[in-house]
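[1] sequence plus the predicted model coming up.
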Amino acid sequence: MKRSFNVHTLALVLLLAVLGALLALAGLFIATQHKQTQQSLGDIETRYARLLGLKASVAELDRGSQEATALLAKHAYPAAQDANQAGNDAQQRVRALFAGAGLDVVSIQVLPPKAEKSFDRIPLTVRLEGQLTNLQSAMLVLGTQTPTVFVDGFSVQTMGFVRAEIPQRLGMQFNLYVLRVLP
């Protein structure tokens, strides 16, 4: 009888040990899940706060988008316009600008467009002759063009002999370009 008492006691102790181990594992699992859930909630809270901030600034973002669109229209031809049309328009505007400033347009050439990021870059090469005062007034007007005509480079040289009693005639070459938004 004493032996069965020990076996029953041993079985009961083993059963309690197994139950205790299962309870400890369950507690460890719950603690780990709780910790992961807390971390996930922290991440979600920061994302939610960012979303609330974006939602609160929708009007400001829309205004900024409209300003960016207006600036883009000021500096580049629209995507709806063909690159050849944009080049021809720029060529006519540049010719009229320099001729209106009193410079002689010797030649003007539109070169093939080159794709750069979100734009077509349409180069123009212009050769001119005239006086320095005419060049200065042309450069002032060039800065006011819309869409913008950008100066990539230029060279200016004197033509003929330099004499103090008459204004010096200059030969000029401008490398210009305009931008067109890519579709």
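    In hand now; what should we look at?
[2] what about N88, how many residues close to it?
    Number of residues near N88 (other C-beta atoms under 10 Å) recorded here: 13. (Each C-beta comes from the backbone N, C-alpha and C, glycine too.)
[3] hang on, it packs against V110?
    Yes - with contact defined as C-beta atoms under 8 Å, N88 reaches V110; the gap is 6.8 Å.
[4] check contacts around P183.
    P183 sits next to A79 when contact means C-beta atoms under 8 Å, 6 or more residues apart in numbering.
[5] relative to D104, how far out is it?
    Relative to D104, P183 is positioned 38 Å away (C-beta to C-beta, to the nearest Å).
[6] with L54 instead?
    According to C-beta to C-beta, L54 and D104 sit 56 Å apart.
[7] so between those two, which is more surrounded?
    Using other C-beta under 10 Å, the more surrounded residue of L54 and D104 is D104, with 13 against 10.
[8] and A115, how close does it get to L179?
    Using C-beta to C-beta, one obtains 11 Å as the distance from A115 to L179.
[9] anything in contact with each of the two?
    R121.
[10] pretty sure T148 is in contact with L72, am I right?
    No - if you go by C-beta under 8 Å, T148 and L72 don't touch, sitting 10.7 Å apart.
[11] ok, back up a step: looking at A115 and L179, which is more packed in?
    Neighbour tally, A115 and L179, criterion other C-beta under 10 Å: the higher count belongs to L179, 22 against 11.
[12] shouldn't that one be within a strand?
    Yes - per DSSP: H, G, I helix; E, B strand; the rest coil, L179 lies within a strand segment.
[13] for it, which residues are in contact?
    L179 sits next to H75, A76, Y77, F119, D120, R121, I122, P147, T148, F150 when contact means C-beta under 8 Å, 6+ apart.
[14] and the third one, how many neighbours?
    Look at Y77: counted by other C-beta under 10 Å, it has 22 neighbours.
[15] quick one, what contacts it?
    Residues in contact with Y77, defined by C-beta under 8 Å, 6+ apart, are A86, D89, A90, P147, V178, L179, R180, V181.
[16] which of those residues are buried? Put it as a PyMOL command.
    In PyMOL syntax, the buried subset of those is picked out as below (16 or more other C-beta atoms under 10 Å):
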select buried, resi 86+89+90+147+178+179+180+181
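[17] between the contacts of Y77, which is closest to V13?
    Nearest to V13 among these is V181, at 81.7 Å by C-beta to C-beta.
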